[in-house]
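**Student:** requesting a structural model of the entry that follows:
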Amino acid sequence: MSAPTPLPSALAARELLEGLVGRDVNVAVRGRGIDPARGLGVTVAEYVDDQMQLAALVVAELELAAAAGSAIGLVPAKEVEASVRYKELSAAQLENFGEICNVLASLFNADGAPHLRFTTMHQPGAALPGDVGQWVTAHVARLDLDVEVSGYGAGAFAVVVVPRG
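**Tutor:** The predicted structure follows:
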């Protein structure tokens with residue numbers, strides 16, 4: 001039997017995000033999880049194991065997905081404001097944040113643990129499948145952070161490890 005999927009540290013998440021976006025990234029542990037029903041909505045990325053079983057999620061508020069997606073693509077910061085105003089990510093932000101989510105899979109892949117890969121991303125406001133939605137706010141192994149991408153904006157971010165079994 002393999003080791004459980006590891007929950008990454010706040011430091012590991014910050015360093016990976018900072019390396020990807022090429023800007024300073026500040027993180028602080030949140031005292032509460034993300035509520036997808038509040039605010040402008042969330043982007044949810046799914047990660048599966050080799051048996052195609054849901055194993056982890058990355059959840060980001062629209063504001064953070066727009067900020068990170070803009071920063072990595074060198075999109076002007078004013079585009080983040082437009083995304084917030086219209087409550088949706090631009091095509092470039094969505095594609096860029098998807099690339100970030102793909103690389104974030106490395107946070108889960110440790111020696112002896114199941115190999116996880118990014119498969120699907122749900123846009124803010126999209127209905128989540130039941131097997132995904134139930135874990136977004138679940139009290140399971142999770143890391144909830146407030147993340148700020150310097151010069152672009154901030155928002156809540158969560159890494160959720162779905163229990164096996």
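
**Student:** any low-confidence regions in the chain?
**Tutor:** Under the criterion pLDDT under 70, the flagged ranges of the chain are 1-2, 165.

**Student:** tell me which stretches of it form helices.
**Tutor:** Here the chain has its helices, by DSSP state H, at 10-21, 62-72, 78-86, 91-104, 130-136.

**Student:** now the ones you listed as TSV including distance to residue 156?
**Tutor:** C-beta: built from backbone N, CA, C; applies to glycine. Shown next, in TSV, are these (distance: least, CB to CB, whole Å):
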stretch	distance to residue 156
helix 10-21	13
helix 62-72	7
helix 78-86	14
helix 91-104	14
helix 130-136	11
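
**Student:** okay, now the closest residue to residue 141 other than its chain neighbours: neighbour count?
**Tutor:** Nearest residue to residue 141 in three dimensions, chain neighbours excluded: residue 161, at 4.2 Å (CB to CB, 6 or more residues apart in numbering). Neighbours of residue 161 under the rule other CB atoms under 10 Å: 21.

**Student:** rewinding a little: hey, which of the helices of the chain is tucked in deepest?
**Tutor:** Mean neighbour count (mean count of other CB atoms under 10 Å) peaks for helix 62-72 among the helices of the chain, with a mean of 28.

**Student:** and the angle for it with helix 91-104?
**Tutor:** Regarding helix 62-72 and helix 91-104, their directions subtend 90 degrees when assessed with axes from the mean of the first three to the mean of the last three CA atoms, to 10 degrees.

**Student:** what lies in contact with helix 62-72?
**Tutor:** For helix 62-72, contacts defined as CB atoms under 8 Å, 6 or more residues apart in numbering pick out 17, 20-23, 39-43, 60, 75-77, 79-80, 83-84, 87-90, 92-97, 99-100, 124, 147, 149, 151-157.
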